[in-house]
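K.L.:
My questions concern the predicted model and sequence given below.
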Amino acid sequence: MRNKAIVLLALISATLLIYVLARVFFVLPDELNQGAIYRIIYFHVPGAITGFTGFVTAMIAAGFYLATGDLKYDRFSAAVTEVSLAFASINLVTGMVWARIIWGVWWAWDMRLTTMLICWLIYAGYLMLRRAVEEPTKRAKLSAVFSFFGCIDIGIVWKSIEWWNTQHPQPVLSIRDGGGMAPGMEAPIYINLVALLCLSACMIMVRMRQEAMSNEIDSLRRTAHTI
Amino acid sequence: MLYLRQVFTIAAKDLRSELRTKEALNSSFAFSMVILVLFSFAFDPSSEQLHEISGGLLWLVYSFASALSLNRGFARELENDCLDALVASPVPVSALFLGKAVANYALLMAVEMVGFLVFGLLYDVQAAHYFWPVLLVIALGTWAMVVVGTMFSAVTVNLRMREMMLPIIIYPLLLPALMAAMTTTTDLLNGAPFGPNLIFLRVLAAVDLIYTLLSMIFIEFVLVG
Amino acid sequence: MDSRNLQFMFYGFTAAWLIIILYVVTLALREKRLKKELDRVKNMVEGGKH
């Protein structure tokens, strides 16, 4: 049942991604001011939104773990954080490639980029913390607490382009009260977002299965020691 | 009232034990001095450039000094199962946390004040006009460092690589607060009033409040389990 | 405008896809490793029981 869900999600994601690629490269024209490079937005923005959605979901799952003590919430939280970190990396790297052309530099220390990098570092630290604790319950508790602290930064990243003067472009998506984009250019962002969300769901399920296997290995090892 | 009395009892215990040996105090202070001297080799101490980065330098010194002293926060209780005894005592765990945070704060502020004096002397930085605003920023920024540092010293207390994990975990979490503190301090030390940096002051205050609340809520899960 | 505009656009897309592919490969390798370890430990427990 679960394997079927994984395959189905992967297929939906692949279909949507290919559709967006075809549309973006063959149908849409170049943007007036930026040229061809603007197309990076179709991975850059969905990557960020997927990453943030994941981090917040992980925090909620962490809350459920602390409330119930059921380790399946911890497995979910860890899986979601790891996958979201991959999508946050996509956001950072695609942003850097765009910046090299538009701003002439790979990186700028403005608030949006800096706070996003901090977010990435925080969740990389989360994964390091998980590796450092061997006992499953302790690991779950400490990770859960850390998840809550990490989410504070996400709020700061999201609002950073509104609170400070940044080089990073202001909101253009019409859902964020931005100016909107040329007709036909905004939809692929949302389609790609759905594609990446499906892909992340698929990866999360695989990762959760691996966490469950890992837990089973730990408990079997303990049984083996007592025999 | 009882709660506050418990907090201050714990804080007094920690301060008393630290002042007997002065281990953390001396090593933080010595480390700050070493870094201040090292920085003079990285930059030309008399240049105008130094004034532009003065706030940043100062907070770098403070962050490194705090990493040294905050590690010991809960680690010192590991001997003789003192931590278990404290957690099992009638003192609420959040009071235990606050007491340790207050003690760490007092010690760190002492190191920082002396460090600020030495910094001013060595690098010809004058804060006479804006002393109270600078003190406010240092006070708020230090509280953020102490709260997060104490919280995560509890998180990492039983880990093998405690000394390495603590800086790796707390620095990214503290970066928004440190950024705010550095920018505001630099501008104040260069003679500019608060004005445009008010947003940073709000960020500092918000971060302090949020991290303190979060720590007081979650310390229960970390220590009691 | 920078003449490498189109070139960098492809770099950007390649980078995004590369990260996804690398992560999928990491997942697959980890799955294989965990499965092997699980079988090994299961055999160890079965062997010990007899």
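P.N.:
Now that the structure is in, tell me what you want to look at. Residues are numbered from 1 along each chain as shown, chains lettered A, B, ... in the order given.
K.L.:
and residue A:133, backbone torsions?
P.N.:
When read as degrees, to the nearest 10, the backbone of residue A:133 gives phi -100, psi 130.
K.L.:
how far away is it from chain C?
P.N.:
For residue A:133, the distance to chain C (CB to the nearest CB, to the nearest Å) stands at 19 Å. Where C-beta positions appear, they are placed from N, C-alpha and C, glycine not excepted.
K.L.:
Can you read off the pLDDT for that residue?
P.N.:
Note on residue A:133: pLDDT of 89.
K.L.:
Over to the one 5 residues further on?
P.N.:
As summarised for this prediction, residue A:138 has a pLDDT of 90.
K.L.:
Next: residue B:203.
P.N.:
In this prediction residue B:203 is given a pLDDT of 85.
K.L.:
same check, this time on residue A:45
P.N.:
Looking at residue A:45, the pLDDT reads 91.
K.L.:
For chain A, what's the nearest residue on chain B?
P.N.:
residue B:172 (3.9 Å; CB to the nearest CB).
K.L.:
Neighbours of residue A:217, how many?
P.N.:
18 (other CB atoms under 10 Å in any protein chain shown).
K.L.:
what about it, distance to chain B?
P.N.:
Distance from residue A:217 to chain B, counting by CB to the nearest CB: 21 Å.
K.L.:
Might one say that that residue is in contact with residue C:33?
P.N.:
No: the criterion here is CB atoms under 8 Å, and residue A:217 misses it with residue C:33 at 10.5 Å.
K.L.:
Now do the phi/psi pair for residue B:190.
P.N.:
phi -90, psi 10.
K.L.:
Then residue B:89?
P.N.:
phi -70, psi 170.
K.L.:
What parts of chain C come near chain A?
P.N.:
Selection of chain C residues close to chain A by CB under 8 Å from any CB of the partner chain yields C:1-2, C:4-6, C:8-9, C:11-13, C:15-16, C:19-20, C:23-24, C:27, C:30-31, C:34-35, C:37-38, C:41-42, C:44-45, C:48-49.
K.L.:
Now with 6 Å, please.
P.N.:
C:1-2, C:5-6, C:8-9, C:11-12, C:15-16, C:19, C:23, C:27, C:30-31, C:34, C:37-38, C:41, C:44-45, C:48 (CB under 6 Å from any CB of the partner chain).
K.L.:
packing partners for the one helix or strand residue B:28 maps to?
P.N.:
Remark: residue B:28 resides in helix B:23-42, with elements defined by DSSP states H and E. With contacts defined as 3 or more CB pairs under 6 Å, 6 or more residues apart in numbering or on different chains; DSSP states H and E, helix B:23-42 has these neighbours: helix B:48-75, helix B:93-123.
K.L.:
mind putting those in a markdown table, distance to chain A included?
P.N.:
A markdown table is the format used below for the helices and strands packed on helix B:23-42 (distance: least, CB to the nearest CB, whole Å):
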| stretch | distance to chain A |
| --- | --- |
| helix B:48-75 | 12 |
| helix B:93-123 | 12 |
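K.L.:
Least reliable of the ones you listed by average pLDDT, please.
P.N.:
Lowest mean pLDDT of the helices and strands packed on helix B:23-42: helix B:48-75, a mean of 86.
K.L.:
Check which residues of that helix are buried.
P.N.:
B:50, B:54-63, B:65-75 (16 or more other CB atoms under 10 Å in any protein chain shown).
K.L.:
Summarise which helices and strands it is packed against.
P.N.:
Using 3+ CB pairs under 6 Å, 6+ apart: helix B:48-75 touches helix B:23-42, helix B:93-123, helix B:131-155, helix B:162-189.
K.L.:
and if we set it to 10 Å?
P.N.:
If contacts are counted by 3 or more CB pairs under 10 Å, 6 or more residues apart in numbering or on different chains; DSSP states H and E, helix B:48-75 sits against helix B:2-21, helix B:23-42, helix B:82-88, helix B:93-123, helix B:131-155, helix B:162-189.
K.L.:
Would you mind getting the angle between that helix and helix B:162-189?
P.N.:
140 degrees (axes from the mean of the first three to the mean of the last three CA atoms, to 10 degrees).
K.L.:
remind me which residues of chain C are low pLDDT?
P.N.:
Residues of chain C meeting the criterion pLDDT under 70: C:1-3, C:50.
K.L.:
Within the helices and strands, which one has residue 222?
P.N.:
Because you didn't say which chain, this covers chain A. helix A:187-226.
K.L.:
meant chain B, my bad for not saying
P.N.:
Assessed by DSSP H and E, residue B:222 sits inside helix B:198-223.
K.L.:
And that helix, what's buried?
P.N.:
Buried residues in helix B:198-223 (16+ other CB under 10 Å): B:200-201, B:203-208, B:211-212, B:214-216, B:218-223.
K.L.:
So what's the residue count around residue B:41?
P.N.:
Neighbours of residue B:41 under the rule other CB under 10 Å: 8.
K.L.:
can you check residue C:35 too?
P.N.:
13.
K.L.:
Report the contact partners of it.
P.N.:
With contact taken as CB atoms under 10 Å, 6 or more residues apart in numbering or on different chains, residue C:35 is in contact with A:210, A:213, A:217.
K.L.:
and the residue in chain B that chain C sits nearest to, what pLDDT?
P.N.:
Proximity of chain B to chain C (CB to the nearest CB) peaks at residue B:172, 20.6 Å away. pLDDT, residue B:172: 91.
K.L.:
Please tell me how far the nearest residue to it once chain neighbours are set aside sits from residue B:203.
P.N.:
Spatial nearest neighbour of residue B:172, chain neighbours left out: residue A:121 (3.9 Å); criterion: CB to CB, 6 or more residues apart in numbering or on different chains. As judged by CB to CB, to the nearest Å, residue A:121 and residue B:203 stand 18 Å apart.
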